[in-house]
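Undergrad: Here is my input, please return the structure:
(one chain, ligands or ions: 2)
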Amino acid sequence: MAERSPGVAVVNEEKSEACVQSSMCQDIERVLISAEEIQDRVRDLGRQIDERYAGEDLLLIAVLKGSIVFIADLMRAISIPHEVDFLATSSYGAFSTSSGVVRILKDLNEPIGGRHALLVEDIIDSGHTLAYLTRLFSARNPASLEIVTLLDKPSRREVDIDLFWTGFSIPNEFVIGYGLDFNQKYRNLPYIGVLKPEVYQADSE
Ligand code: IMP
Ligand code: MG
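TA: Ligands and ions are numbered 1, 2, ... in the order given. Got it, this is the predicted structure:
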């Protein structure tokens, strides 16, 4: 019999909990990162951000919509005073690759010149979105510009991204939950899951 890692029990628990509330869990192949693991890691990141930006004028910038759940938890894990702002970029759809040309649908409300800007992202995949945003925001002369991403898929990187903190490095699989979507759905799952291939295959038929 195959050895069962402790993660397997969590998978089943998390899935059955979600199934009580929703039929969405039937579309999930497996839970990659449990809600509890996410919460622990977000707390760590909050503490690191507290140390890094103590005494500074910190502005968290969330990239809509995938980062909404992450920033909501992260800002409460940060104990130093800070502000938040939001930015929306054009979406490429679930599987198309970023071209490097990113359209800004909603710009920031706040100027960032002279301030410590921290971009909050759900996932770095090809890196094109963040490479573009880093160029855009650097031109506004912030005191510093860094990135915190919940997830990183290093095997998919096409452009280098500097100065970032990562919650979790993940394999090259399409993930949903905790803010991340497939066709705008599944954002409300409390964990990061891998979608069953038949879900997106059915969708492309
Ligand atoms: P980029 O390829 O690094 O520019 O990634 C841009 C965006 O694609 C991310 O911010 C996500 O919104 C989306 N994305 C990339 N990989 C995934 C995934 O596995 N699940 C859901 N969204 C993803
Ligand atoms: Mg995103």
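
Undergrad: and residue 192, what is it in contact with?
TA: 31-33, 38, 151, 168, 170, 175-178, 180 (Cβ atoms under 8 Å, 6 or more residues apart in numbering). For the C-beta atoms, the positions are set from N, CA and C on the backbone; glycine is no exception.

Undergrad: Give me the buried subset of the residues you listed.
TA: Using 16 or more other Cβ atoms under 10 Å as the burial test, the contacts of residue 192 include 31-33, 38, 151, 168, 170, 175-178, 180 as buried.

Undergrad: filter the contacts of residue 192 down to the ones near ligand 2?
TA: Near ligand 2, taking Cβ under 5 Å from the ion as the test, no member of those is found.

Undergrad: Export those as TSV, with columns for distance to residue 145.
TA: Below are these laid out as TSV (distance: Cβ to Cβ, whole Å):
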residue	distance to residue 145
31	33
32	29
33	27
38	25
151	20
168	22
170	24
175	26
176	29
177	28
178	25
180	24
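
Undergrad: follow-up on the earlier one: from the buried ones among the contacts of residue 192, which ones fall inside strands?
TA: 31-33, 151, 168, 175-176 (DSSP state E).

Undergrad: List just the nearest of these to ligand 2.
TA: If you rank these by distance to ligand 2 using Cβ to the ion, residue 151 comes first, at 9.8 Å.

Undergrad: Just the pLDDT at the residue nearest to the closest one when sequence neighbours are not counted, thanks.
TA: With Cβ to Cβ, 6 or more residues apart in numbering as the criterion, residue 151 has its nearest non-adjacent residue at 4.2 Å, and that residue is residue 123. With respect to pLDDT, residue 123 scores 95.

Undergrad: quick one on the thing from earlier: quick one: which of the contacts of residue 192 is nearest to residue 161?
TA: residue 151 (13.0 Å; Cβ to Cβ).

Undergrad: where's that closest one relative to residue 164, distance?
TA: 11 Å (Cβ to Cβ, to the nearest Å).

Undergrad: Identify the contacts common to the two.
TA: Contacts common to residue 151 and residue 164, judged by Cβ under 8 Å, 6+ apart, are residue 124.

Undergrad: secondary structure element for residue 71?
TA: helix 68-77 (DSSP states H and E).

Undergrad: One more: residue 83?
TA: strand 82-89.

Undergrad: so what secondary structure elements neighbour that strand?
TA: strand 58-64, helix 68-77, strand 104-106, helix 128-138 (3 or more Cβ pairs under 8 Å, 6 or more residues apart in numbering; DSSP states H and E).

Undergrad: So what angle separates the directions of the helix holding residue 71 and strand 58-64?
TA: Going by axes from the mean of the first three to the mean of the last three Cα atoms, to 10 degrees, helix 68-77 is angled at 160 degrees with respect to strand 58-64.

Undergrad: Could you check which residue of the chain lies nearest ligand 2?
TA: Closest point on the chain to ligand 2, by Cβ to the ion, is residue 66, at 3.7 Å.

Undergrad: so who does that residue touch?
TA: Residue 66 neighbours (Cβ under 8 Å, 6+ apart): 121-123, 179-181, 187.

Undergrad: nearest spatial neighbour of it, skipping sequence neighbours?
TA: Leaving aside its chain neighbours, residue 66 sits nearest to residue 122 (3.4 Å; criterion: Cβ to Cβ, 6+ apart).
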